[in-house]
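1. What shape does this take:
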Amino acid sequence: MARVKITFHKCIQDSQEYGSNDEHMVSRIFFSIEVTKIENNVAMVEKYDDLYVDIKQVIGGKFEENPIEVSFPYLSSGEPYSGVMDYQAFRNAAEDYFRGLVGTKASGIHIEGGSNIRMYNNLLMREHSVDFEASDTKSS
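-> Modelled structure (predicted):
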């Protein structure tokens, strides 16, 4: 087993550059990953910076209730991250981070009582870290 620490750095909310259109809002979250493995009683640390994940939502639904699609993590080069990961734990952390930035309980864009509100290309910066156990096998 390995310990995975995800540090979220920022989010660009609802960007046409990332695929937003009249049906879906696509936002991108930027983060780093630190993987710690214990081998022969020695901690081995691998660090990956400048990763991103895309968050996709249907437009017109209830923001806090509608499902959010979370893509697999990508390196800044656009290649999929192939290191150690528990995707479900990561997915939940990314969704929590995003919903903590935008919505009725958010610290970034606090929206309450409005309908059909849409804002584009907002840069939201808040560092937040989570960690979890993951298998030593590479993510698929």
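2. In three-state terms, label Glu95 for me.
-> In the three-state summary, Glu95 is assigned as helix, counting by DSSP: H, G, I helix; E, B strand; the rest coil.
3. Got phi/psi on the nearest residue to it once chain neighbours are set aside?
-> If you skip the residues right next to it in sequence, Glu95 has Ile68 as its closest partner in space, 5.2 Å away by Cβ to Cβ, 6 or more residues apart in numbering. From N, CA and C alone the C-beta is placed, and that goes for glycine too. Reported as degrees, to the nearest 10, the phi and psi values for Ile68 are phi -120, psi 130.
4. and Ile68, how far is that from His24?
-> For Ile68, the distance to His24 (Cβ to Cβ, to the nearest Å) stands at 11 Å.
5. again with Ser32
-> When Cβ to Cβ is applied, the distance between Ser32 and His24 equals 27 Å.
6. More neighbours: which of those two?
-> In this comparison of Ser32 against His24, neighbours counted by other Cβ atoms under 10 Å, the higher total goes to Ser32 at 16 against 13.
7. and whichever strand or helix holds that one, what does it pack onto?
-> When elements are defined using DSSP states H and E, Ser32 is found to belong to strand 24-39. In terms of contacts (3 or more Cβ pairs under 8 Å, 6 or more residues apart in numbering; DSSP states H and E), strand 24-39 is packed against strand 2-13, strand 42-58, helix 87-101.
8. The nearest residue to Phe31 once chain neighbours are set aside bridge partners, please.
-> Counting by Cβ to Cβ, 6+ apart, Phe8 is the residue found nearest to Phe31 once chain neighbours are left out, at 4.6 Å. As for beta bridges, Phe8 partners with Phe31, His128 under DSSP bridges.
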